[in-house]
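1. Predicted coordinates and the sequence they were generated for:
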Amino acid sequence: MKERSTAVDMVQGPLVKNIIRFAMPVMLSALLEMLFNAADTIIVGKFSGQHALAAVGATGSIIFLITSLFNGLSSGTNVVIARYLGASENDKVQKAVHTAIFTALVGGIFVLAVGFLSTNAFLRGMSTPDDIIDSSALYMHIYWFGAPFILLYDFGAAILRSRGDTKRPFYFLTIAGILNVLLNLLFVIGFRLSVAGVAIATVLSQMMACFLMLRTLLTEEPLIRLYPKKIALHKEILLEIIKIGVPAGIQGLVFSFSNIVIQSEINKLGSIVVAGNSAASNIENFVYIGMIGFSQAAITFTSQNLGAKKITRIKNTMLDTLLLNCVSTFLIALIITSFSGTFLSFYTNDMGVIEAGSVRLQCVAFWLWLNGALDIFVGSLRGMGKSFVPTLISLVGICGVRLSYIASIYPIYGTLRALYYCFPISWVLTGLVQGVLWIIEYRRLKKRFSLGATE
């Protein structure tokens, strides 16, 4: 069957050109999503005040903590289906598609229940300031109703990405994002619903993205088409997804825990600092644009080339994505930190909030290219089917370093700047170890396929 133009050929042809072709829609999707999220934060900050801005910002680390396991499983879905596609194991591709959707349905209900029931405990445990805790709880209680739609979209996008189709997820996010902004303007400015309005708009836009994704999968080419009657759990496929996805999910889970510890320290400094951190984190997300696109390319290209036994292309994929990722991340970070005050002024007129936000951008956002290099090593290793050891290294190197730093070095200085330095320090140490691990695993892989690999 002839490939549709939406798919990128990952196992032959010019590598850099195909990586960029694959990554660009992912990057544009990320850019749009961040622009729409920024619009949410700007609208609530400008029209509902700094307390509403802080209330929404205080929820991010909790949301990521509860959803991280299933984020990992969606990544595992991408790796497994891409490998089956590269090896032309069509029957397994179909089983993986329906196992993924089953997992998304069950996982969405699970996240909804756990998130809704645990929200208040998390907010109290994180020392959320009294003047924003009720608004934060309201935002999260509404947000969790969108969890099933988020997971269905994410797993659906992973299915499309596995065959090189990154364009249609971009189109769907564009439509959903525009809807989100329009609903924010209606609910926050028109109906004056503040944080509740932002949450309702988010859930409705997530429903739209989910609807568009499912409609596409139901009419897709037979190889990856979704047949509702076939939605079921295939144990052997799920185990493959778990093998890759659970370590990634656990990594996200523990990362979130370390970020919750950091957020708790920020919360102790008052709602102005929380608001500044919220606005800066929102701006900081734009630095991840290249990182998201090229790390996804590293995972998916590596997986397909592993299935096709194109070993040299695995090495070249890592080197090309590493260079592209670091350069793009550094350039975006340089622009953002150079004009930090201007960007922060879009979110608030409070100089205290702007000052606090500028500290984060200087100490964290500027150094995100280090995290970009780390992401490529880990993504390539996962594409090679190695997930447990990279996860273990990241847990020790990222979370262990940050928690040890907060417990020992940060109390000596006690400043916001000193707190934020735990991020780049952890990226440097962990990135060095992951780079060495990649060299070791690639040499093992090359040796294993040396007799039968086709280049």
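-> Sure thing, it's come through.
2. what sits against residue 404?
-> Listed by Cβ atoms under 8 Å, 6 or more residues apart in numbering, the contact set of residue 404 is empty. From N, CA and C alone the C-beta is placed, and that goes for glycine too.
3. Quickly find the element holding it.
-> Element membership of residue 404 [criterion: DSSP states H and E] is helix 401-408.
4. next one: that helix to chain centre, how far?
-> Remark: helix 401-408 is offset 24 Å from the chain centroid, using Cα atoms, centre = their mean, to the nearest Å.
5. what mean pLDDT would you report for that helix?
-> Mean pLDDT, helix 401-408: 93.
6. Pull out the buried positions in that helix.
-> 401, 402, 403, 405, 406 (16 or more other Cβ atoms under 10 Å).
7. same question, stretch 304-313
-> Within stretch 304-313, the residues that count as buried by 16+ other Cβ under 10 Å are 304, 305, 306, 307, 308, 309, 310, 311, 313.
8. again with stretch 324-335
-> Buried positions in stretch 324-335, judged by neighbour count with 16+ other Cβ under 10 Å: 324, 325, 326, 328, 329, 330, 332, 333.
9. pLDDT on that stretch, on average?
-> Confidence for stretch 324-335, expressed as mean pLDDT, is 95.
10. For it, C-alpha coordinates in CSV please.
-> Provided in CSV are the C-alpha atoms of stretch 324-335 (Å, rounded to 0.1, in the frame of the first residue of the first chain):
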residue,chain,number,x,y,z
LEU,A,324,19.6,20.4,16.1
ASN,A,325,18.2,20.2,19.6
CYS,A,326,21.0,22.0,21.5
VAL,A,327,21.3,24.8,18.9
SER,A,328,17.5,25.5,18.7
THR,A,329,17.1,25.4,22.5
PHE,A,330,20.0,27.7,23.1
LEU,A,331,18.8,30.3,20.6
ILE,A,332,15.3,30.4,22.0
ALA,A,333,16.6,30.6,25.6
LEU,A,334,18.9,33.5,24.6
ILE,A,335,16.1,35.5,23.1
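11. which residue ranges form the strands in the stretch 301-450 of the chain?
-> Here the stretch 301-450 of the chain has no strands by DSSP state E, counting those that start in this stretch.
12. Please, where are all the helices along it?
-> 311-338, 340-345, 351-363, 368-383, 388-394, 401-408, 410-413, 416-420, 422-449 (DSSP state H, counting those that start in this stretch).
13. what pLDDT, on average, does the fourth one get?
-> Helix 368-383 shows a mean pLDDT of 94.
14. elements contacting that helix?
-> helix 60-86, helix 288-307, helix 311-338, helix 388-394, helix 422-449 (3 or more Cβ pairs under 8 Å, 6 or more residues apart in numbering; DSSP states H and E).
15. winner for burial among the ones you listed?
-> Among the helices and strands packed on helix 368-383, helix 288-307 has the highest mean neighbour count (mean count of other Cβ atoms under 10 Å), at a mean of 27.
16. What lies in contact with stretch 37-57?
-> Stretch 37-57 is contacted from outside by 129, 131-133, 135-136, 139, 180-181, 184-185, 188-189, 194-195, 197-198, 201-202, 271-272, 274-275, 277-279, 281-283, 285-286, 346-348, 350, 353, using Cβ under 8 Å, 6+ apart.
17. Which ChimeraX command selects the buried ones in these?
-> Filtering these down to the buried ones (16+ other Cβ under 10 Å) takes a single ChimeraX command:
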select :129,132,133,135,136,139,180,181,184,188,194,195,197,198,201,202,271,272,274,275,277,278,279,281,282,283,285,286,347,348,350,353
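18. how far away is residue 64 from residue 348?
-> Distance of residue 64 to residue 348, computed by Cβ to Cβ, to the nearest Å: 23 Å.
19. How about residue 118?
-> According to Cβ to Cβ, residue 118 stands 30 Å off from residue 348.
20. Just the CA coordinates for the helix or strand bottoming out on mean pLDDT in the chain, please, in CSV.
-> Ranking every helix and strand in the chain by mean pLDDT, DSSP states H and E puts helix 50-57 at the bottom, with a mean of 80. Taking Å, rounded to 0.1, in the frame of the first residue of the first chain, the C-alpha atoms of helix 50-57 are listed here in CSV:
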residue,chain,number,x,y,z
GLN,A,50,-1.9,38.1,40.6
HIS,A,51,-3.7,35.8,43.0
ALA,A,52,-5.6,34.0,40.2
LEU,A,53,-2.3,33.8,38.3
ALA,A,54,-0.6,32.2,41.3
ALA,A,55,-3.5,29.9,41.9
VAL,A,56,-3.3,28.4,38.4
GLY,A,57,0.5,28.2,38.4
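21. and the longest helix belonging to the chain, which residues are buried?
-> Ordering each helix of the chain by length in residues (DSSP state H) puts helix 90-125 first. Neighbour counts over helix 90-125 (16+ other Cβ under 10 Å) mark 92-104, 107-108, 110-112, 115-116, 118-120, 122-123 as buried.
22. try stretch 166-186
-> Buried residues in stretch 166-186, defined by neighbour count with 16+ other Cβ under 10 Å: 166-170, 172-174, 176-177, 179-181, 183-184.
23. And stretch 18-34, by the same measure?
-> For stretch 18-34, a neighbour-count test (16+ other Cβ under 10 Å) marks 18-23, 25-34 as buried.
24. Just give me the closest of those residues to residue 223.
-> Closest approach between those and residue 223, by Cβ to Cβ: residue 22, at 18.4 Å.
25. Just say helix, strand or coil for that closest one.
-> Of the three states, residue 22 takes helix according to DSSP: H, G, I helix; E, B strand; the rest coil.
26. can I assume it is in contact with residue 165?
-> No - counting by Cβ atoms under 8 Å, residue 22 does not reach residue 165; the two are 9.2 Å apart.
27. Return every residue with contacts to both of these two.
-> residue 8.
28. Low-confidence stretches in the protein?
-> For the chain, residues meeting the criterion pLDDT under 70 lie at 1-6, 451-455.
29. Could you pull out the helices in the stretch 151-300 of the chain for me?
-> In the stretch 151-300 of the chain, the segments counted as helices under DSSP H, counting those that start in this stretch are 167-184, 194-218, 235-267, 271-284, 288-307.
30. Can you redo those helices as JSON lines, where the extra columns are distance to residue 431?
-> JSON lines is the format used below for the helices of the stretch 151-300 of the chain (distance: least, Cβ to Cβ, whole Å):
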{"stretch": "helix 167-184", "distance to residue 431": "28"}
{"stretch": "helix 194-218", "distance to residue 431": "33"}
{"stretch": "helix 235-267", "distance to residue 431": "14"}
{"stretch": "helix 271-284", "distance to residue 431": "18"}
{"stretch": "helix 288-307", "distance to residue 431": "13"}
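31. counting contacts, what elements does the longest helix of the chain pack onto?
-> Helix 90-125 packs on helix 60-86, helix 133-143, helix 147-162, helix 235-267, going by 3+ Cβ pairs under 8 Å, 6+ apart.
32. Is residue 12 in a helix, a strand, or coil?
-> Put simply, residue 12 is coil when judged by three-state DSSP.
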